[in-house]
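Q: here is my input, please return the structure:
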Amino acid sequence: MPAPPSPFDGVLWRRIAAWVVDAALLLVLSWLIWGGAALAAVPTLGLLGGLLLLPWALLLPILYGTLSIGSTLSATPGQALLGLTVRSEADGAPPSLGQALTATVLHALSWAAGGLPLLAPLFSTRRRTLHDLFSGTLVLRVDALARSIPARPDHHDGSLA
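A: Residues are numbered from 1 along each chain as shown. Predicted coordinates for the structure are as follows:
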């Protein structure tokens, strides 16, 4: 019988596909926010027009990533759809809100740096990006995580695989 797949098998292509899903969701959310801000400005005679000036292109992805990774889902909607989860490297637990914020901000900065830091998973056996390394997180397959959960709740060795 073949060995079960590693928690990191197929993670790279899944991360790329998850990013596409999340980018599409963010695009729709951006349209909704801008449209809502424009609609709010009309009846208030422009008093709420300042909402249109907020840097939604920067704030929305950071809120989206931080709140979804820091939630009980422990993944962005795209990651969850593609069977991925984010875990703390230290203990395999869901990441803290601080780790989620750090990972999300560093991910945004990676794009601002021309995307070059996003090539790190090509050279990592665990397919980690630099924002994973600096935030102390791992992205792995949910099905592999389910295999690593001990059968008895009183016996836990803390391993991820």
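
Q: which other helices and strands does the helix or strand harbouring A80 contact?
A: Assigned by DSSP states H and E, A80 belongs to helix 77-81. Using 3 or more C-beta pairs under 8 Å, 6 or more residues apart in numbering; DSSP states H and E, the elements in contact with helix 77-81 are helix 11-41. In short, each C-beta sits where N, CA and C put it, glycine included.

Q: how far out from the middle of the chain is the helix it packs on?
A: 13 Å (C-alpha atoms, centre = their mean, to the nearest Å).

Q: that helix: what's the following helix or strand?
A: helix 56-69.

Q: now that following helix and helix 11-41, what's the angle there?
A: For helix 56-69 against helix 11-41, the angle by axes from the mean of the first three to the mean of the last three C-alpha atoms, to 10 degrees is 120 degrees.

Q: which other residues reach stretch 129-139?
A: With C-beta atoms under 8 Å, 6 or more residues apart in numbering as the test, stretch 129-139 has contacts from 11, 15, 79, 84-90, 95, 99-100, 102-104, 106-107, 109-110, 117-118, 120-121, 126-128, 160.

Q: re earlier: given the helix or strand following the helix holding A80, what are its sheet partners and their directions?
A: Counting by DSSP H and E, the next helix or strand C-terminal to helix 77-81 is strand 84-88. Partners of strand 84-88 in the sheet, by DSSP bridges, are strand 137-141 (antiparallel).

Q: any idea how far the helix holding A80 is from the middle of the chain?
A: Counting by C-alpha atoms, centre = their mean, helix 77-81 comes out at 8 Å from the chain centroid.

Q: please export the C-alpha coordinates of it as CSV.
A: Taking C-alpha atoms only, helix 77-81 is exported to CSV below (Å, rounded to 0.1, in the frame of the first residue of the first chain):
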residue,chain,number,x,y,z
PRO,A,77,-12.1,31.2,1.3
GLY,A,78,-10.0,30.3,-1.8
GLN,A,79,-7.6,28.2,0.4
ALA,A,80,-10.5,26.5,2.1
LEU,A,81,-12.2,25.7,-1.3
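
Q: list the buried residues for it?
A: Using 16 or more other C-beta atoms under 10 Å as the test for burial, helix 77-81 gives G78, Q79, A80.
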